[in-house]
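Engineer: how would this look folded up:
(2 chains)
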Protein chains: 2
Amino acid sequence: MAGYILPLEKLIEQFERLPGIGHKTAVRLAFSVLEGPEEDAQAFAQAILDAKQKIRRCRICQNISDSEVCSVCSDLKRDHSIICVVEDSKAVMALERVKEYNGLYHVLHGALSPMDGIGPDALTIRELIARLSDGNIKEILLATNPNIEGETTAVYLSKLIKPLGIRISRLAYGVPVGGDIDYADEVTLFRAIEGRRDL
Amino acid sequence: MAGYILPLEKLIEQFERLPGIGHKTAVRLAFSVLEGPEEDAQAFAQAILDAKQKIRRCRICQNISDSEVCSVCSDLKRDHSIICVVEDSKAVMALERVKEYNGLYHVLHGALSPMDGIGPDALTIRELIARLSDGNIKEILLATNPNIEGETTAVYLSKLIKPLGIRISRLAYGVPVGGDIDYADEVTLFRAIEGRRDL
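Structural biologist: Modelled structure (predicted):
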């Protein structure tokens, strides 16, 4: 195509690699970078490099962190006797927004999926078990995703941890708040009835 | 918020600055950069810097270009007697995709909008008029956007250029191909009837 400008095409291509960004959106985003001031482009490029270079995994909970031990693990005001086990860092962010949970986390970085060849060794299960050895942990709250892989992982972990005499809990299933019972699927409704609570 | 990671928050913030990207999408995009390989992040950052640093305006048509004279203006196989006047580089890209137009372009980088204080001096009208002085240009095709600002600009330019004895044309208005007449607005339909052609 005439009018083809290599640096622009490359930038469009980079935006297109991002999840959920199609060609038209990529063009729009590339032009917004192009039309903005030089400093903004530099700040954007720097933010990408910094995020990639400065963020690593917390030595304890395996969540992403910009220090060796993350701010949750190093916070003495939090309850260090309970660990909430999640699949990824996004789940930690979601749970932190609630401001209800005050314990620690453990990020598995995935869920068991034998179909995809993801076994226990691909997750940070070894690191989780190591954290339980000093006897300070009283409860493990399993907050893996409510799907097949998450369930499989929760069952696997509960079998592994039960013999250690630690209390194991699971996030409650039920109808989402603000939702409409008409739209809830059968499995969710079944779990909501099964887990009904006395008023 | 506990678990707040500065480099991640900064990257999310950068994505949120892009047009049409909300917080949730920004988080998703930031994580995709974080989860991808280091080389990808570097390529992305470099593409942003390159696009900003290497792309400038073509000395002749004012379109974005990675050389002093863009590939369209320097292409001797194109018709150098007709100039298509557009508001921005995205319009050039759209017209080039059609592969029907073989002339040159002139990018105004905006449209007249007295309400927003955008007068003729804010656009590249001076550069356009300068291109008409050597007498090689036979036709100006006005392809500003079909809205108030674009119309105003087209009328302004036609009044400016007509005395020079150059043919002035405007993109045809009408119902979009593949569209449904039911959904066409009144003004478009009026223009489509007005501009009807004999079969």
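Engineer: how many neighbours does A:F190 have?
Structural biologist: Applying other CB atoms under 10 Å in any protein chain shown, we find 12 residues neighbouring A:F190. All C-beta spots, glycine's among them, are computed from the backbone N, C-alpha and C.
Engineer: check A:E194 too.
Structural biologist: Residues contacting A:E194 under the criterion other CB under 10 Å number 9.
Engineer: low-confidence regions, chain A specifically.
Structural biologist: Applying pLDDT under 70 to chain A flags the ranges A:1-4, A:199.
Engineer: show me where it has its helices.
Structural biologist: Listed in chain order, the helices of chain A (DSSP state H) span A:6-16, A:23-35, A:38-54, A:89-98, A:125-131, A:148-161, A:186-194.
Engineer: now render those as CSV, adding distance to chain B.
Structural biologist: As requested, those are exported to CSV (distance: least, CB to the nearest CB, whole Å):
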stretch, distance to chain B
helix A:6-16, 4
helix A:23-35, 5
helix A:38-54, 4
helix A:89-98, 5
helix A:125-131, 17
helix A:148-161, 17
helix A:186-194, 22
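Engineer: could you export those helices as CSV, including distance to B:S81?
Structural biologist: Converted to CSV, those look like this (distance: least, CB to CB, whole Å):
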stretch, distance to B:S81
helix A:6-16, 28
helix A:23-35, 30
helix A:38-54, 37
helix A:89-98, 58
helix A:125-131, 72
helix A:148-161, 65
helix A:186-194, 68
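Engineer: nearest to B:K10 among those would be which one?
Structural biologist: Among those, helix A:38-54 comes nearest to B:K10, with 4.7 Å by CB to CB.
Engineer: which residues touch the closest one?
Structural biologist: A:33, A:66, B:7-8, B:10-11, B:13-14, B:17, B:30, B:33-34, B:38, B:41-42, B:44-46, B:48-49, B:51-53 (CB atoms under 8 Å, 6 or more residues apart in numbering or on different chains).
Engineer: how much space between the most centrally placed residue in chain A and A:H106?
Structural biologist: Geometric centre of chain A, nearest residue: A:D88, 2.4 Å, by CA atoms, centre = their mean. Counting by CB to CB, to the nearest Å, the gap from A:D88 to A:H106 is 11 Å.
Engineer: buried ones among the contacts of helix A:38-54?
Structural biologist: Buried subset of the contacts of helix A:38-54 (neighbour count, 16 or more other CB atoms under 10 Å in any protein chain shown): A:33, A:66, B:7-8, B:10-11, B:14, B:30, B:33-34, B:41, B:44-46, B:48-49, B:51-52.
Engineer: related to what we said a few turns ago, so for B:M115, which of the helices of chain A sits nearest?
Structural biologist: Nearest of those (CB to CB): helix A:23-35, 20.7 Å.
Engineer: between helix B:38-54 and the closest one, find me the angle.
Structural biologist: 60 degrees (axes from the mean of the first three to the mean of the last three CA atoms, to 10 degrees).
Engineer: buried stuff in helix A:23-35?
Structural biologist: So for helix A:23-35, counting by 16+ other CB under 10 Å, buried means A:T25, A:A26, A:V27, A:R28, A:L29, A:A30, A:F31, A:S32, A:V33, A:L34.
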